[in-house]
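**Student:** Sharing a sequence plus its predicted fold:
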Amino acid sequence: MADNKISCGEIMHDALIEGYVLLSIIRNADGTHKDYQIIETNSQFELITGRPQSHAEGNTVRQVLPAIDETWNEFSRNMPQMKENVKFEFYFENIDKHFYISAYMPFEDTIALFFTDITIQKKAKDVFRIHELLFEEAHDILLYVKKDGQIVNANKRACDKYGYTREELMSMNIQDIRHPFTAFEFNKQMEQADSGGIVFESVHMRKDGTSFPVEVSAKSTFIEKGQFRIHIIRDITQRKENEERIAWLAKYDALTGISNRANFIANLEQEIQRSIRSKIPFSVMLFDIDKFKHINDNYGHEAGDAVLRHVAAATKNVIRLTDQVGRFGGDEFVVLQTDIKSCDDAIALAKRIQDAVNEEFIYKSIKFNVKISIGISLFPDDSKDANGLLLCADKAMYYVKHNGGGDVSFFESCKIL
Ligand code: GH3
Ligand code: MG
């Protein structure tokens, strides 16, 4: 009968999900805890400690679990204070497991401990905490949004970028932070976010009414019964500025800000087509600064640059809005003069450019007297294509250079106009 009782107790203990151990306190002379004798354990405890029940029961904790001596020391430090049932979490470093321990004293100097393994929950909590921190500290703006656009969470970056508090953002709809001019494409973008995800560029608004360009990566996910979207939003102001700068440099000369060779030739090609339709001729003027090397050599490259900027600005100042000026490289410039009636128009502009360039120019207290040599070709008489026109103007310019510079010359066809 007694044996039956014991085996019933054992069965009950083994049926527990928790690990179970019954300990008898062994005290020092001063009453402090010296060790704990293991009276009873269950099979879960065996799994937790890795020590067979037969080996554990009857021995002390220190004998059975020497490897976790330190852990038990820390654990037992709490025990003398134990006057009533206590519950606490405990981490067993040697087996890398977290337990929720429920301890109570059924009799004097006897402690029953129940161990619930909470490692999975604990680790899930850690992962959740990591996720929370990564969300909060992300470099991009992160917004969690409901299907109807209602913002349900926003990270620190979002608050910094938009100038709203988290509470304000959480009372707003995603459309409230988009620039109104992007409204027409909103529904289509969200449809794509809901069916596989989408990356698109847009413009967002700050609380103060200013706007900034963004790249948005949006995707929907079903969480329980609701549909949510994550919007990963990146401020692309810098990228846009770089793109604009690159696009600008592809067309314009960085030093003077006027058209570069490629852009000028593209415009010249267009003008040829326009002129064919309108039957109104135009002129191409190629000019080069006389003795520019002298300026560089005597006053330095910086002064040379300043003179190049002066020539570009002075030329731009005297041509019409419909005319074009470009820098072909070095100290060589080119002008496209549209809609001329006669070669007198070309001569008149060439003289105006010469006068403007020759006007007193002072850089760092140095006075420069800038002279240029201009060669002119005419469309359609000198050539029917851009290269031919430039070649004719170039020849005319070298004719001027050859004769001492500072003058203007046509290629040859002026008589036809
Ligand atoms: P010429 O009267 O025959 O035109 O002779 P020049 O002294 O003006 O010499 P040339 O036109 O043959 O050479 C132009 C010089 O311009 C050569 C080069 O050192 C200089 N140069 C080219 N690009 C730049 C630039 O961006 N800045 C400066 N400061 N100088 C440049
Ligand atoms: Mg020159």
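**Tutor:** Here it is on my side, so go on. Ligands and ions are numbered 1, 2, ... in the order given.
**Student:** Ile48: what's its closest spatial neighbour, skipping adjacent residues?
**Tutor:** Distance criterion C-beta to C-beta, 6 or more residues apart in numbering; nearest residue to Ile48, sequence neighbours excluded, is Gly19 at 4.4 Å. (Glycine included, C-beta is placed from N, CA and C.)
**Student:** One more: Phe379?
**Tutor:** Nearest to Phe379 is Phe282, by C-beta to C-beta, 6+ apart, at 5.2 Å.
**Student:** so how many other residues sit close to the one you found?
**Tutor:** Residues lying near Phe282 (other C-beta atoms under 10 Å) number 24.
**Student:** how about the strands in the stretch 1-150 of the chain?
**Tutor:** Assigned by DSSP state E, counting those that start in this stretch, the stretch 1-150 of the chain shows strands spanning 19-27, 33-41, 86-92, 97-104, 110-117, 141-146.
**Student:** Alpha carbons only: can I get stretch 310-319 in PDB?
**Tutor:** C-alpha atoms of stretch 310-319 as PDB (Å, rounded to 0.1, in the frame of the first residue of the first chain):
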ATOM      1  CA  HIS A 310      33.900  87.100 -67.900                       C
ATOM      2  CA  VAL A 311      33.800  86.200 -71.700                       C
ATOM      3  CA  ALA A 312      30.900  83.800 -71.200                       C
ATOM      4  CA  ALA A 313      28.900  86.300 -69.200                       C
ATOM      5  CA  ALA A 314      29.600  89.200 -71.500                       C
ATOM      6  CA  THR A 315      28.600  87.200 -74.500                       C
ATOM      7  CA  LYS A 316      25.400  86.000 -72.900                       C
ATOM      8  CA  ASN A 317      24.600  89.500 -72.000                       C
ATOM      9  CA  VAL A 318      24.500  90.700 -75.600                       C
ATOM     10  CA  ILE A 319      22.800  87.800 -77.400                       C
END
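**Student:** Just name the shakiest helix or strand of this structure by mean pLDDT.
**Tutor:** Lowest mean confidence among the helices and strands of the chain (mean pLDDT, DSSP states H and E): helix 69-78, at a mean of 61.
**Student:** Which residue does this structure have closest to ligand 1?
**Tutor:** Here the chain gets closest to ligand 1 at one residue, Gly304, 2.5 Å apart by C-beta to the nearest ligand atom.
**Student:** mind checking how far that residue is from Lys293?
**Tutor:** As judged by C-beta to C-beta, to the nearest Å, Gly304 and Lys293 stand 9 Å apart.
**Student:** I'd assumed Ile232 was in a strand, is it?
**Tutor:** Yes - judged by DSSP: H, G, I helix; E, B strand; the rest coil, Ile232 forms part of a strand.
**Student:** Let me know the pLDDT of the closest residue to Gly163 other than its chain neighbours.
**Tutor:** Leaving aside its chain neighbours, Gly163 sits nearest to Lys207 (3.7 Å; criterion: C-beta to C-beta, 6+ apart). At Lys207, the predicted lDDT confidence score is 97.
**Student:** Nearest approach to ligand 2 belongs to which of the strands of the stretch 1-150 of the chain?
**Tutor:** Of all the strands of the stretch 1-150 of the chain, it is strand 141-146 that lies closest to ligand 2, at 53.5 Å by C-beta to the ion.
**Student:** mind listing what's buried in that closest one?
**Tutor:** Neighbour counts over strand 141-146 (16 or more other C-beta atoms under 10 Å) mark Ile141, Leu142, Leu143, Tyr144, Val145 as buried.
**Student:** Moving C-terminal from that strand, which element do we reach first?
**Tutor:** Once the chain leaves strand 141-146, the next helix or strand it forms, by DSSP states H and E, is strand 151-154.
**Student:** Near ligand 2, which residues of the protein? Just list them.
**Tutor:** By C-beta under 5 Å from the ion, the residues of the chain that approach ligand 2 are Asp288, Ile289, Phe292, Asp331.
**Student:** What number of residues are in the vicinity of the last one?
**Tutor:** Applying the criterion other C-beta under 10 Å, we find 21 residues in the vicinity of Asp331.
**Student:** change the start of the numbering to 54 and stick with it
**Tutor:** Sure thing, new numbering starts at 54, so read that last one as Asp384.
**Student:** Neighbour count: Gly357 and Lys346, which is higher?
**Tutor:** For Gly357 and Lys346, the more surrounded residue by other C-beta under 10 Å is Gly357, and the numbers stand at 21 against 11.
**Student:** doesn't that one fall inside a strand?
**Tutor:** No - looking at Gly357 with three-state DSSP, it is helix, so not inside a strand.
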